[in-house]
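# Sequence unavailable; structure follows:
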């Protein structure tokens, strides 16, 4: 890409001026169209230090209403960010529908720097590339326009610019140690960039190599590509995306109708087991805290299946300073305006902590599917997207436990009635619960499909037979304990 | 408080068991009432290291549905948090309406530690105390139940507990250097705690000193106070709060009707001035970045007064990596569920950065007042609350510039019509704009009152005469430049 790159000839100043004017005018019109069509635009400015990313960025955004864009400067990850998956700090900065985000350096800079300094093994580098490709594809599949620019300058120019910055007291602080390192190892850095650009050059989000030898010329190239990219995206919006085959190992799982719900437990068995397993889980919580292993527990299940009580038996065993429960309701406007997984990326635990989700990202293939909150293409695509999301978490080192809390229809009816007849429980039952109940069969079909398509080896489902809540609680505790123990053994 | 503290006699085990049972049952009922009455409850657990805060916390929350509370563990401020005002990391963690937040150590620990280690001058300590008292009063005035517990153990017990923790490899990591320091300087630490407790013992949020010599007894005391506090709060909800006198120096400001709107500027004067002042602002932006001075620019004004274009002339002069524009619309559900200033605390810039607010916290005394989104008592209280908020920002070292972008009624009409007749501008005009226009006189009254009551010396208003937008833009640039220069002179 960089090596066999055909540098375009720089036009005359006059021609550049006239082309700049035209592109700027178009960008000003486009910002309104973007807003109206709710197109999210993510512009990634990568390249050598001192290649002029900040300067190009500064010029581009002058044409956009400041209310329509954000600039994200991706410095070194903070201590907190290092305790999240690699993609976290990038994912949480994606734009809202109808707005721009400009990123001054992003995941290219982070990965190539780690690679060039020997902080990433070949294997980990490959994993990063896979993560990035999936991340970028998920964005474009979900209607994001992703434009990736690499600002290229040659060895001489790179050295010259650093020297100039260093010679002025007002600018020398802008030259980092890494810039200097790159200057001494220009060819090695170039090889790594080249490799990265080839590895991540996807048809839905190709790289644009920008000749950054002249500032005005760099500005014009980026601006024209941006304008052209937006025009194309505005025409293409709302096309269905081809469905991908699942690429992850799936385990067999029974259908809900095959699950035997007659399992029970006496009060005495329950008390003994509860005490035993809560103690064990408490010990393990200390251990994962010290070993900095993150744990994610996802609860889905029928209304009134006993999710709340089940979660409580887990949290009772945990140190309150090391876990968080996230009740998931319908998304708020700023959440709805982004990729549907965004709000879950935002709620990931730190390493060593436990996050419990009371309802989850699987809403996409259940309530959103059945209520028509997303298109068929969207929910059909979601199985693979969710497997990819959970793969990210698993690769990060997380223990992932997913529960379907299961009851039969009669048990649900009995519990609904009990809730209605018990004053302290009445807040738990709403009209929506009754409406959902009418769609039981449709839900059952959706759940079966979900279980089948997302029961990956690294993030398996566990069905909790909850006609007897006591039985389900003990099974949940045992399942979480086993999953953590398995991880600790491997650790 | 600690010194003349009358330690209650510890009841018998039997009595404690029966009282614990009763209190737990009540807390379980209360959580539903809290949810229904939308009462936010903030419980602060402070006290000596190893006094058992974590253990009490763990026991209390076992009685609450995990979906109804969050636990906030306030470790040392992170690097990022240190670049925000002192109260920031505490304020952003306040609970939503209807939920609990339990804080494991909070602002007491932070301030007393800095004080005892000599990191806070007497003067700064006094400022902190003032900030804290205002913060706590604002919470309780705005319907928060704030319960503050201090877990007390004597010198011997403190030393004994640390020793026990240190003797076990599994627990010794929990003893910090500061714990050891406190152990060697128990009396000095005690004096500082004593002073702090006296300084912040307000009638609306008094301190409860808890005898933490025995864990069960500590648990019972906290639980009973909590239950009692909640019962009281549930009865008291929705009372009007006495209005406070403004305590900050106010400057005179003219009424809107006295503002002369005939100021204009030729295109040529404008171009020259724009160039000159943008260059200057750009230089200053570099300087505040290096000196880590935060800048907050607040825009309010009539619809179609030209806020957007005015903001653009400011941002054009700034390095895009050092500023953010926050368009403020009506609050989202998670914002509405908290103190109305919460969403602005959440959007404060880091030191050295610029935050521009396109509409602001003054919505409380304009749109929320006039549309009845808050009670009369609430908006009347808001003038002082806002002055306090801005005082916090000013004490932190921020440059604060507040603009009222002003036009007359005829100019607004002309601009509304132009927007309707120009296809690219039509998105800017909505039915709401027309409805607001009908309430011009009511708004004018509200704005006059706002200007008068919040024109503090440390955060003054500036009226931008914007019948001629060019004039207003240059005045805005000049005003921001002057405010920054003034701060730099003092710096």
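Arrived safely, thanks for sending. Quantities reported herein were computed from a predicted structural model and do not represent experimental measurements. Numbering: from 1, shown residues only, chains lettered A, B, ... in the order given.

# ok, now which ones touch residue A:459?
Contact criterion CB atoms under 8 Å, 6 or more residues apart in numbering or on different chains gives A:387, A:390-391, A:393-394, A:400, A:402 as the residues in contact with residue A:459. For the C-beta atoms, the positions are set from N, CA and C on the backbone; glycine is no exception.

# Pick out whichever of these sits closest to chain B.
Within the contacts of residue A:459, distances to chain B taken as CB to the nearest CB reach their minimum at residue A:402, with 17.8 Å.

# does that closest one really touch residue A:463, like I thought?
No: using CB atoms under 8 Å, residue A:402 is not in contact with residue A:463, being 9.9 Å away.

# Helices of the stretch 1-150 of chain A, residue ranges please.
According to DSSP state H, counting those that start in this stretch, the stretch 1-150 of chain A carries its helices in the segments A:13-36, A:53-61, A:79-82, A:88-91, A:107-116, A:122-141.

# Out of the ones you listed, which is closest to residue B:159?
Using CB to CB as the measure, helix A:79-82 is the one of these that comes nearest residue B:159, at 32.1 Å.

# who's in contact with the closest one?
Residues lying outside helix A:79-82 but in contact with it, judged by CB under 8 Å, 6+ apart, are A:88-89, A:350, B:78-80.

# Recalculate using a threshold of 10 Å.
Contacts with helix A:79-82, where a contact means CB atoms under 10 Å, 6 or more residues apart in numbering or on different chains, come from A:74-76, A:88-90, A:92, A:350-351, B:78-81.

# Now do the buried residues in it.
Neighbour-count burial for helix A:79-82, counted by 16 or more other CB atoms under 10 Å in any protein chain shown, picks out residue A:81.

# How far off centre is stretch A:37-55?
Stretch A:37-55 sits 20 Å away from the centroid of its parent chain (CA atoms, centre = their mean, to the nearest Å).

# what about that stretch, how long is it end to end?
29 Å (CA to CA, to the nearest Å).

# For that stretch, the averaged confidence score.
Confidence over stretch A:37-55, taken as the mean pLDDT, stands at 95.

# Stretch A:62-78 too?
Taken as a whole, stretch A:62-78 carries a mean pLDDT of 92.

# Check whether it comes close enough to chain B to count as a contact.
Yes: looking at stretch A:62-78 against chain B by CB under 10 Å from any CB of the partner chain, the contacts come from A:62-73, A:75, A:78.

# on that earlier part again, just flag the most distant two among the contacts of residue A:459.
By the measure CB to CB, A:391 and A:402 form the most distant pair in the contacts of residue A:459, at 13.5 Å.

# Quickly list what's touching both of the two.
Jointly contacting residue A:391 and residue A:402 under the rule CB under 10 Å, 6+ apart are A:456, A:459.

# more crowded one of these two?
Between residue A:391 and residue A:402, counted using other CB atoms under 10 Å in any protein chain shown, residue A:402 has the larger neighbour count: 24 against 20.

# what phi and what psi does the backbone show at the more buried one?
In this entry, residue A:402 is assigned phi and psi values of phi -120, psi 130 (degrees, to the nearest 10).

# and if you look at residue A:367?
Reported as degrees, to the nearest 10, the phi and psi values for residue A:367 are phi -60, psi -40.

# cool, and residue A:285?
Backbone torsions for residue A:285, taken as degrees, to the nearest 10, come to phi -60, psi -40.

# How about the contacts made by it?
Residues touching residue A:285, when contacts are defined by CB under 10 Å, 6+ apart, comprise A:295, A:317-319, A:322-323, A:352-354, A:480, A:484.
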